[in-house]
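J.: Structure for this input, please:
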Amino acid sequence: MTTAPTARTNAVGTAHTRVEGRDKVTGAARYAGEIPFADLAHGWLVLSTVARGRIRSVDTADVLAMPGVVAVLHHGNAPRVETGYVGLLGVPDPTVTVFQHDRVPHAGWPVALVVAETAEQAREAAEALVVHYEQEPHDVDFAGEHPDAYPVDFHGPAVIEKGDLEAELAASAVVVDVEYTTPEEHHGMMEPHAATARWDGGRLEVVDSNQGTFWVASELAQMFSLDPSAVRVRSEHVGGGFGSKGIRAHQVAAVMAATELQRPVRVVMTRRQMFSLTGYRSPTRQRLRLGADADGRLRALEHRSLSATSTVHEFIETAAGPARTMYGADAHHTANRLVRLDVPTPTFMRAPGEAPGSFALESAMDELAEKCGLDPIELRVRNDPETGPVSGLPFSGRNLIACFREGASRFGWADRDPRPGLRREGRWLLGTGTAAASFPAGAGPSTAAVTAQADGTFTVGVNAADIGTGARTALTLVAADALRTATENVRVRIGDSDLGPAFIAGGSMGTRSWAWAVMAAAEELRERLALGADIPPEGITVRSDTTEAIGALAQKERHSFGAQFAEVAVDPATGEVRVRRMLGIFAAGRIVNPLTARNQFVGGMTWGISMALHEEAVRDRASGGHYGADLAGYHVAAHADVPAIEADWIDDPDPDDPVGIKGIGEIGIVGAAAAIANAVWHATGVRHRDLPIRPDRVLTAGGHA
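T.: Numbers count the residues shown, from 1 in each chain. Next up, the predicted model:
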């Protein structure tokens, strides 16, 4: 075996290009919808055109006679599956057990799958399929009052009330009582959802685009009553997920068709279908009541959030969650409530809860700073808690104020005149704003295997999912340091359920969870090799399981923090808002790879521009469907909208994590929209409490001319 040099530079903390980068830019990396299969058939989903009702009949005869069509699956002939299984979230998910009944709970519900020899034939036949419905009245209106809204516990209690809120508000010198809204938002990742299913020697194999192959394999096994060992799911390259790529209708439909036809079947969603079938961020209505002494110290904090879900499955956007971490108060009340509508089920979307919740909370804090006559950063300094405001637990590290101080220095905050509407450059009004960011820093149980080869190289097998974050590269760096070898000696295999259990790419916990398992296996292997063990041709393999090790993390509050800064220009004559520059300073644990980490932060901040100014999915009350369910009608920030964005970090390793990681995938978006909205107020003197800040809203609101 080749020995490593006695002096070496750690790989973790140094910039590395992606290990799969060349494959991606040359096209050698294959995505789920591109991998070839012999005798492949293509399935095309047919979605309901009504928002509520029942299927009376499906006219299949004419479609089955069309060229290339081999099957039409629907509730009358599809394989029966287990509908009461308990998946990742601990409750059955009826949205994925498709074609099991005649109910239609929302527009865009899967009612059939047409399978043909080519994708073009399948699509033509699917569009020709006639489905007759018994239509019922529907309700998709989130805008009005909802007396039937109810609290839902989700990753914590729905309602937490500490102290006498009304008494503290009455005793406060300054009170802010405001409501904020955020719209329905969609993931819009580059790679559409795609899956190919086939049976191979009695074993089900699914080639997929997902955020956790072990997760998808486990749920398919339960759904189709299979032994877990009889299901293999592979997902080597993923073109973005943002929370939406878990178990979905297209995978289940593909497995059903492959089972019926005994040949491989691929189902790829269109962009329009993804608006109905792959989840989204629920709209929110959030009420904030803040009460403070004359010096700005909070006496009362109330944050109540309402979001929407479908009539068939509960998912709640916990927007009141950030308040439980960010600021303390004598009376501290938070609540997350839900209303059921005839709409598709929302899902996790980058920084679920934190993204919309931080917009409301950090905007309200800006309003409080204005009323108190305080600088917005100084207000946050005065209300920075020593322990968790609700939990009472100590923080594993809370460097929020350090982020603000570093960011203020670099952004030029000290030169800011706090009075709004004074800075002008030609037709533009200029303003600057800031906001705080936080996101939980957790870890999930994972396993890993590290093999030493006789030629001095190492193979790492961990069932990670690289959804564009650079996880494959980060794990290479972690393994190289743990093995005390060069990165070119390490090969990382991911995205295959046969590699064993591992946490999903979600919650900013993926790389942390996998790195912990990789490091544990690598260090044990290095110890064995140090004893002089001979390496046989098949190599020496060590496996790890972190289930027990991560239990100690629950003893402290663990979060990444950040400070967001933005400068905007507003044209009061046209309503146009332009973000000119942004700066984000983060305290997010040890940064494994600065190159891909900066990419993550900047990507999140860019999404903050989208959230603040562009993104809004609008439903037609009459049909229950969307206006413009595509990337032409649903606006996201384009290259011309993205100014100079700078992201950096301060030293902030987690002392209880073997690598020091906290997680960075989502914190970049948190607070970004609020910083922009606060900057728009500074430019115009007008508060915008409803996102997005469209030109028509700017014109209607007026401002300094």
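
J.: Do you have the helices of the stretch 1-150 of the chain handy? List them.
T.: Ranges of helices within the stretch 1-150 of the chain are 21-26, 61-64, 119-128, based on DSSP state H, counting those that start in this stretch.

J.: Likewise for the stretch 551-700 of the chain?
T.: Per DSSP H, counting those that start in this stretch, the stretch 551-700 of the chain carries helices over the ranges 594-613, 672-684, 695-701.

J.: quick one on the thing from earlier: out of the helices of the stretch 1-150 of the chain, nearest to G353?
T.: Closest to G353 of the helices of the stretch 1-150 of the chain is helix 21-26 (Cβ to Cβ; 31.4 Å). Bear in mind the C-beta positions are built from the backbone N, C-alpha and C, glycine included.

J.: elements contacting the closest one?
T.: Helices and strands in packing contact with helix 21-26 are not found; criterion 3 or more Cβ pairs under 8 Å, 6 or more residues apart in numbering; DSSP states H and E.

J.: How about residues contacting it?
T.: 18, 28-29, 237 (Cβ atoms under 8 Å, 6 or more residues apart in numbering).

J.: again, only using 10 Å
T.: 18, 28-31, 236-237, 239, 468, 470, 472-473, 596 (Cβ atoms under 10 Å, 6 or more residues apart in numbering).

J.: Any chance of those residues in TSV with neighbour count as columns?
T.: Converted to TSV, the contacts of helix 21-26 look like this (neighbours: other Cβ atoms under 10 Å):
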residue	neighbour count
R18	21
A28	10
A29	15
R30	13
Y31	18
E236	22
H237	23
G239	18
G468	22
G470	25
R472	25
T473	24
T596	24
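
J.: from those residues, which is closest to W413?
T.: T596 (28.5 Å).

J.: Who are the contact partners of the closest residue in space to the closest one that isn't next to it in sequence?
T.: Nearest residue to T596 in three dimensions, chain neighbours excluded: G470, at 3.0 Å (Cβ to Cβ, 6 or more residues apart in numbering). Residues near G470 by Cβ under 10 Å, 6+ apart: 16-21, 476-477, 511, 592-593, 595-597, 599-600.

J.: Which of those ranks first by neighbour count?
T.: T511 (33 neighbours; other Cβ atoms under 10 Å).

J.: first to last residue in stretch 340-355, what's the distance?
T.: The stretch stretch 340-355 measures 22 Å between its terminal residues, going by Cα to Cα, to the nearest Å.

J.: Actually, stretch 455-466.
T.: OK, stretch 455-466 end separation, Cα to Cα: 27 Å.

J.: Tell me which residues of that stretch come out buried.
T.: 457-466 (16 or more other Cβ atoms under 10 Å).

J.: Put together a markdown table for those, with distance to R382 on each row.
T.: A markdown table is the format used below for the buried residues of stretch 455-466 (distance: Cβ to Cβ, whole Å):
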| residue | distance to R382 |
| --- | --- |
| T457 | 55 |
| F458 | 51 |
| T459 | 53 |
| V460 | 47 |
| G461 | 50 |
| V462 | 44 |
| N463 | 46 |
| A464 | 42 |
| A465 | 42 |
| D466 | 42 |
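
J.: Mind putting those into TSV with pLDDT and distance to L400?
T.: Output for those, formatted as TSV (pLDDT from 0 to 100; distance: Cβ to Cβ, whole Å):
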residue	pLDDT	distance to L400
T457	97	43
F458	98	39
T459	98	40
V460	98	35
G461	98	38
V462	98	32
N463	98	34
A464	98	29
A465	98	30
D466	97	30
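
J.: between those residues, which is nearest R419?
T.: D466 (47.5 Å).

J.: what's the distance between that closest one and V492?
T.: Distance, D466 to V492, using Cβ to Cβ, to the nearest Å: 9 Å.

J.: Identify the contacts common to these two.
T.: 19-20, 472-475.

J.: Now render the helices of the stretch 551-700 of the chain as CSV, adding distance to R103 and mean pLDDT.
T.: As requested, those are exported to CSV (distance: least, Cβ to Cβ, whole Å; pLDDT from 0 to 100):
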stretch, distance to R103, mean pLDDT
helix 594-613, 34, 98
helix 672-684, 37, 98
helix 695-701, 38, 96
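
J.: Return the most buried member of these.
T.: helix 672-684 (a mean of 29; mean count of other Cβ atoms under 10 Å).

J.: Give me the distance from that one to the chain's centre.
T.: On the basis of Cα atoms, centre = their mean, to the nearest Å, helix 672-684 sits 24 Å off its chain's mean C-alpha point.

J.: Tell me what angle that helix forms with helix 594-613.
T.: 60 degrees (axes from the mean of the first three to the mean of the last three Cα atoms, to 10 degrees).

J.: what's the burial count for R528?
T.: 13.

J.: does it count as helix, strand or coil?
T.: helix (DSSP: H, G, I helix; E, B strand; the rest coil).

J.: From the structure, what's the count of residues near H639?
T.: 6.

J.: And the pLDDT at it?
T.: Here, the pLDDT recorded for H639 equals 90.

J.: repeat for the one 10 residues further on
T.: Each residue has a pLDDT score; the one for W649 is 98.

J.: That one - nearest residue in space that isn't next to it in sequence?
T.: Leaving aside its chain neighbours, W649 sits nearest to F586 (4.6 Å; criterion: Cβ to Cβ, 6+ apart).

J.: hang on, isn't the one you found packed against I669?
T.: No: F586 lies out of contact with I669 (Cβ atoms under 10 Å); the separation is 11.8 Å.

J.: who touches both of those two?
T.: By Cβ under 10 Å, 6+ apart, the residues touching both F586 and I669 are 437, 439, 564, 601, 604.

J.: can you pull up the bridge partners for the first one?
T.: Note on A437: beta-bridge partners G562, judged by DSSP bridges.

J.: low-confidence ranges in this protein?
T.: 1-8, 703-705 (pLDDT under 70).

J.: Can you pull the phi/psi pair for M256?
T.: phi -60, psi -50 (degrees, to the nearest 10).

J.: If you could redo that for T196, that was the one I meant.
T.: According to degrees, to the nearest 10, T196 has phi -120, psi 130.

J.: show me where the stretch 151-300 of the chain has helices.
T.: 165-171, 213-223, 249-261, 271-277.

J.: Can you give the distance of stretch 657-664 from its chain's centre?
T.: With Cα atoms, centre = their mean, you get 19 Å for stretch 657-664.
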